[in-house]
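Visitor: Sequence and predicted structure below; questions after.
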Amino acid sequence: MEHTDMPLKNKVALVTGSAGAIGYGVCKGLLEAGCCLAASDLPGERLDELTLDLEQIAPGRVLGVPLDVTDAASIDKAFETIIETLGGIDILVHNAGIAMVAHLKDIDLEEFRHLEKVNIEGTLLILQAIANHMIAQGTGGDIIIMSSKTVPSPGAGFGGYSATKAACHQLGRIASIELAPYDIRVNMVAPDAVFSEGKFKSGLWEKVGPDRMKARGLDEAGLQEYYRSRNLLKARVTGKHVANAVLFFATRQTPTTGATIPVDGGLPDATPR
């Protein structure tokens, strides 16, 4: 591959769940690599603010698209808008997901079903839509699914999230097998905690952070320091780090599909076994 300052120039990328810390970092990284970008999330102020911010980075290359991954009609409408406006979709980064904090014995079934609907059914629906589009488009493609450190290394009180992200991850692995004949690669990125990127905070950590702080007797700064200090490299994981892993796959630097890049500073208990 020819290496340039914009290795993804003329490629179109769609990012789901854009309006948070990881989503913003990934969107920014794709724009800096030359992509035209469809930034999607649930409709509202967060998506509007994100779109305005990204347009300042890459004027004329950003499209804000309302998209609910649990609603097939919403996905179809979003795809129609992106294809009509930008010409197609070459790269999908599926980052949409929600969290829940509860021990298994205390999980509310309806809340778990909502978690499952977003994290598992949402992944299936978006994979179906992008697979059909990329196969019809006939130019191959790259799908990167946001997995989690909790897939190989779950934690107490986080079982619902861990289980649904594991299913999301497994759907990605199956898709890598089924889509390889069409030159569509499917890979995963598994970050540890990313609290914020620029002015965009993690929706997941806004939800689970208070419980984690209470459990460890820490404030927000102390919780972030806890996550930094527990990894081997003593590194604070950022949205930019996650974006770099996404870009490794999207720029096809190796012939790889069905693989996972951990972005966690080195966590021995998260090493696959």
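Guide: Alright, I've got the coordinates.
Visitor: From now on I want contacts and neighbour counts done on CA atoms only, so please keep to that.
Guide: OK.
Visitor: how deep is the closest residue to residue 43 other than its chain neighbours tucked in, by neighbour count?
Guide: Leaving out its chain neighbours, the residue that sits closest to residue 43 by Cα to Cα, 6 or more residues apart in numbering is residue 66, at 4.8 Å. Neighbour count of residue 66, defined by other Cα atoms under 10 Å: 22.
Visitor: Roughly how far does residue 66 sit from residue 76?
Guide: Residue 66 is 11 Å from residue 76, where distance means Cα to Cα, to the nearest Å.
Visitor: cool, residue 178 as well?
Guide: Taken as Cα to Cα, the span from residue 178 to residue 76 is 22 Å.
Visitor: Could you do residue 50 as well?
Guide: Separation of residue 50 from residue 76 (Cα to Cα): 22 Å.
Visitor: for residue 64, same thing?
Guide: In terms of Cα to Cα, residue 64 sits 15 Å off from residue 76.
Visitor: Which one's more surrounded, these two?
Guide: Set residue 64 next to residue 76 and count neighbours by other Cα under 10 Å: residue 64 wins out with 23 against 14.
Visitor: So that one versus residue 18, what's the distance?
Guide: Applying Cα to Cα to residue 64 and residue 18 gives a distance of 9 Å.
Visitor: can you count the residues close to residue 187?
Guide: By other Cα under 10 Å, 25 other residues sit near residue 187.
Visitor: tell me the SS of it?
Guide: strand (DSSP: H, G, I helix; E, B strand; the rest coil).
Visitor: Which residues are in contact with it?
Guide: 143, 144, 145, 172, 173, 176, 249, 256, 257, 258, 259, 260 (Cα atoms under 8 Å, 6 or more residues apart in numbering).
Visitor: Strands along the stretch 101-250 of the chain, start to end?
Guide: 141-146, 184-191, 196-197, 200-201 (DSSP state E, counting those that start in this stretch).
Visitor: The first one relative to strand 184-191, how many degrees between them?
Guide: Okay, so that is strand 141-146. Angle of strand 141-146 versus strand 184-191, following axes from the mean of the first three to the mean of the last three Cα atoms, to 10 degrees, is 20 degrees.
Visitor: Okay, now the sheet partners of strand 141-146, with direction.
Guide: Strand 141-146 pairs in its sheet with strand 91-94 (parallel), strand 184-191 (parallel), by DSSP bridges.
Visitor: need the ones you listed in TSV with distance to residue 125, can you?
Guide: Output for the strands paired with strand 141-146, formatted as TSV (distance: least, Cα to Cα, whole Å):
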stretch	distance to residue 125
strand 91-94	11
strand 184-191	15
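Visitor: Low-confidence regions, the stretch 1-150 of the chain specifically.
Guide: In the predicted model, the stretch 1-150 of the chain carries pLDDT under 70 at residues 1-4.
Visitor: What is the burial count for the nearest residue to residue 32 once chain neighbours are set aside?
Guide: Excluding the flanking residues, the one nearest residue 32 by Cα to Cα, 6+ apart is residue 6, at 6.9 Å. Neighbourhood size, residue 6 [other Cα under 10 Å]: 13.
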